[in-house]
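**Student:** structural data only, the sequence is not supplied:
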């Protein structure tokens, strides 16, 4: 029996497809297996915010990685459009992180000291720029670099580009087990039959938990359900993304405003609950009161994959160099997808890597933490 | 130029199609004109409650008419299924009108004196029958006859049955004007051309206001927008419809629960607003707290056509016997559709009518009222 | 660690939920695990035909089983409606199996000798009853008992009734492996964690293939993709289901006509292809030419689970009494669901069974066949 | 009673909104009335091709107007994005007009003589650039300037920008009559009441026919129904739009391929028929055979407004300077929307106009023609 693929990727969401794209570009034969249709899980549920500065609070390796990934979207926009004709809908008009109290303002202002691109906007400036923002704010941190993409467009563009470069994608193909069946040969067992690969990347979000366990790792992966809604309104004027207390309003380039997201732990359902949507409305209204009269278009939910420390695992199995993980991206899957793709590519091709990143996302960092 | 149709009906919602069906059954040539696709306005937005007892509070002609209409659905179910193969989804498991205070209970109990089929159920009985009802109730009025149908199924069954009996239905055909162009000849002017009819019935809900005016009547028709939502949940157990303070939960025969409806006056938008859905959730939760964890499936809105006294106009133009009106059914369009159909049919065929009904729904009752 | 459930069922489609319902009614603790939302695979793609006579051609045990299952729907309609308030949309107006040539007529007429309820209708009779049938037919076999249900309504009714009777349903919970971990204890391993059960039923259609193999059985399960479409038309008059050369038109009780289905082997995609829909239109038009002018509403596809001999596997693992299979129902999943549910229930409860059925659906019949 | 608006626009599709946008930018008070939700008719049904060279065959005023309009989209992209944050999805990668016979090639090659930007590509070149094009072609005319936008995005961007600049938009507001009620005062009569305007623009596509007649003009407007479908496929590689015999394949920037369109005269239905979709599939398959295996996503239909000579009416009522028409754009509504907007604006503001355009689109050109 012959080896079929250089790399098998479990999971056809934005992370798996980003990796597939980077590998296919290098001429590596790639197989992507998704249990559903690909890009229909957490990827399609995400609002697509690129919020390195807004989501992350420490100037650490994780933050640097996020910033690089965010910037990489500018390159991808052109590359992917050229190959796949798909426009990833990159918008970079910045984000306002609101302060409702003086204390919140103080915390946000401190960030400016660390990052020179950030600016503090007074209430007056904010309301002049964005007249629909609540006038109960005391001011806002302006983050010029933050923006957003359309996650489904990005995922479709990665997938199509990878396909055109030779990658194979199989939908409706859940992987039940991964077994080493020879030197440099892993068998991915699925209802459609077995697939053989020299290397395996596990990138199926919250569903990866199973494989960590199956492959002998004490690493947990828990869902944090996020419920979202979208509205529309000709009079709703908003250029920048608004952010406050884990809730956001993203003005998409098609006229919709995406509002998210709740944080429900350990709930595996992918349908919004009535109570979840209620709490989301209660949270967003104070940020932008005029949103109350906007038309409600849609509601949905997705499962963020959360590791114990909230950071992703991107790296090799500690005892098997041919097994890679790329999951646990939590709230930042869209933001981190580009750099996750290039990092896994470089690991597989044994290219030079940033050691800080390797340590930050290592699977064994967790083991240390659980011993405390 | 020859006369083309005996009767032209403006409006292909449940009212217009009910009339078309009753006339087509009598061998009368009928033309139904709808500005959109028919059955897509207030008809499709309705929950389909048949709540003669729950919606109406006086034992008057209106109430009697409603009761007869409600009962007529049992005949229609069989007739329409035979002709069109469409099942109108009639369910008659009764309704609970909840009392949250002793005072509300007192008011509801008074109704029992008037209608012998009604029963008072104590809190204990209610919770035994329907364990998901809030335990903050003090009791409920049980109305055994009330139930529900699927409005879109009823409208489709009327429309298809009428078509098979020879009626003509034209979609995307807005009527701009109705003019008497000869003895017994009315010209309905539309973008598709003119249609000639001997008699005309105006049955296009809130949009009829225009024709009242065009035909010289001082009759107003205002929209009261109603926003609805539907949820689903395998553990949500509810057999009877619940009703409290204009809000209801209807357990449909497909596993969905329809929750309605807000009351927004003078708003012509047919999309729910974020604030409207929020207020609906706030209103329904106290009736059945477990609904909070149900899955939100959909949200929508429709425009109830409201006359000045909240009762429909069903009858002839005071100065032109060949012009009929059947509109202004407000919250009761589904309930009253069957009897509205037979009443207009009987007026057109000059059959014996119940005088009380003629007076109750007369177009000139309004004129009297506006002079007070 | 304690045992949690009496029976674990892998698969929440119509087969799994039918079994869950029958077991829950007996007070047995049941766990149903579905990799998606349940009822969204082959179940929701099916037209819902109950065609024991039209689909099966031999008067064997399989046929008797199908007839019993078909009749059982009449009992289920009332039981499930009482428990869940869901109407399964049972219609039993019969089916016409068309003959386009004298030879086809001869073959169909032979069936009448075997089954006394069948009738031969001449072209004239058929066209009188169903004027929209093609006048190129030479006649049709009339099968009075055949009818249809709504598969999604049946599945939802089973699921909700089972839940209300105490069964547990977990969506988004793919089972990766089934292992015997103690006497009378099986561990179902999933990304959400492990579940313990005393007995296991595998009922996840084409996806069961994986478990046959994992549990040591040489049994194959292949997908046969079926593409469908639905149309609507007020002038389309059809009471009975039409059937010709594996293609059918089912007049549903909501005014839609469901047309199916293509037969694409070894294709795991659940989206219709452009070419598939084209071939379906080409096949259905000769059966009922007026369908050409009907409105196209929707198109979809599903995967029928096909065993090597086209019959389902319903029974115990030959070497492990506590493992049951109920899959491979191919074109007949909806038809056979009721009786599959009671048969698995009776096996689990060690009730008396019809030996013929046990042999007909035995997992070891296959082993015999593969040795020839 | 006071005048309320400077200009009332009947119709909220892409034409009406383009005009509203241009007027609002000039500080003119505008009212747009749409009988439905705006942008949901022919606008949303269009594929969005900008095919001045591919659709039009003579180098006349109409062609020049179309070219200017096409180029104007580059300005609008930036303007509208700045104001509304909506990206109109402009793509300009060119179009291939295929030749399947030598004779067709000859006709196409002739066009190159007239327009220097056009190029003839041999079969080899075409297949090298677009490997999925049928190898039965003999070559193709390459039109570098032609491209496409997303019509719903353009319409939403116009509508939102106009709103933010002060325009008023009313949905669900059919205009039944337009009457001159004073000097410089027109009353637009609707079910929501009367609206007063100094000037009126009629821009509601095929539905304008009614107003031509009501306002005394012998101008006909007929629907030509167009049915479309969309497909998707990771292996479908196509950069340029393909065009052959009124049928096209447009590779949209979201990964979908839009295929259109049938030409059904005098059919007012806006739902595709089964036969219509069949004929479309039969027509597109020879252009790009691999499309057969693509996934069918959606089907829909719209009504193109066709004048007697196939050109739009853009101009003033011959006897009333304050009444403007902008309708009859037939297959070219999206292409011509920008320039129609500026032309009506300039007429209203009495700015200098291109006389050739005034004559080409004049309402009285028709009167001449009908007398021949």
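**Tutor:** Perfect, thanks for sending it. This is a predicted model, so every value here is computed, not measured. Numbering: from 1, shown residues only, chains lettered A, B, ... in the order given.
**Student:** show me the contacts for residue A:156.
**Tutor:** By CB atoms under 8 Å, 6 or more residues apart in numbering or on different chains, the contact set of residue A:156 is A:39, A:84, A:86, D:254, D:255. Every residue, glycine included, has its C-beta placed from N, CA and C.
**Student:** what does the stretch 251-372 of chain A put close to chain B?
**Tutor:** With CB under 8 Å from any CB of the partner chain as the criterion, the stretch 251-372 of chain A meets chain B at residues A:269, A:271-278, A:281-282, A:285, A:291-297, A:299.
**Student:** again, only using 10 Å
**Tutor:** For the stretch 251-372 of chain A, the residues in contact with chain B (CB under 10 Å from any CB of the partner chain) are A:257, A:259, A:267, A:269-282, A:284-285, A:289, A:291-301.
**Student:** filter those residues down to just the ones in helices.
**Tutor:** Those of these mapping onto helices are A:274, A:275, A:276, A:277, A:278, A:279, A:280, A:281, A:282, A:284, per DSSP state H.
**Student:** and which of these is nearest residue D:93?
**Tutor:** Distance to residue D:93, by CB to CB, is smallest for residue A:284 among those, at 39.0 Å.
**Student:** what is the burial count for the closest one?
**Tutor:** Neighbour count of residue A:284, defined by other CB atoms under 10 Å in any protein chain shown: 23.
**Student:** ok, it touching residue A:230?
**Tutor:** No. Contact status for residue A:284 versus residue A:230: not in contact, 11.5 Å apart, counting by CB atoms under 10 Å.
**Student:** just to revisit the earlier point, buried ones only from the ones in helices among the residues of the stretch 251-372 of chain A next to chain B, please, as a PyMOL command.
**Tutor:** Command for PyMOL that selects the buried part of these, burial taken from 16 or more other CB atoms under 10 Å in any protein chain shown:
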select buried, chain A and resi 274+275+276+277+278+279+280+281+284
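**Student:** go through the ones in helices among the residues of the stretch 251-372 of chain A next to chain B and say which is closest to residue D:59.
**Tutor:** Taking CB to CB as the measure, residue D:59 lies nearest residue A:284 of these, at 54.7 Å.
**Student:** what's the next secondary structure element after the helix or strand hosting residue A:189?
**Tutor:** In the assignment (DSSP states H and E), residue A:189 maps to strand A:185-190. Following strand A:185-190 in sequence order, the next helix or strand is strand A:193-202 (DSSP H and E).
**Student:** domain ranges for chain A?
**Tutor:** Domain segmentation of chain A under automatic domain parsing yields A:4-86+A:150-220+A:309-371, A:95-145+A:222-306.
**Student:** just those: most buried one?
**Tutor:** Comparing these by mean neighbour count (mean count of other CB atoms under 10 Å in any protein chain shown), domain A:4-86+A:150-220+A:309-371 ranks first with a mean of 21.
**Student:** and that domain, how far from the chain's centre?
**Tutor:** 11 Å (CA atoms, centre = their mean, to the nearest Å).
**Student:** likewise for stretch A:70-89?
**Tutor:** Counting by CA atoms, centre = their mean, stretch A:70-89 comes out at 16 Å from the chain centroid.
**Student:** please identify the helix or strand for the most centrally placed residue in chain A.
**Tutor:** Closest to where the C-alpha atoms of chain A average out (CA atoms, centre = their mean) is residue A:333, at 1.2 Å. Residue A:333 is part of helix A:333-348 when elements are defined by DSSP H and E.
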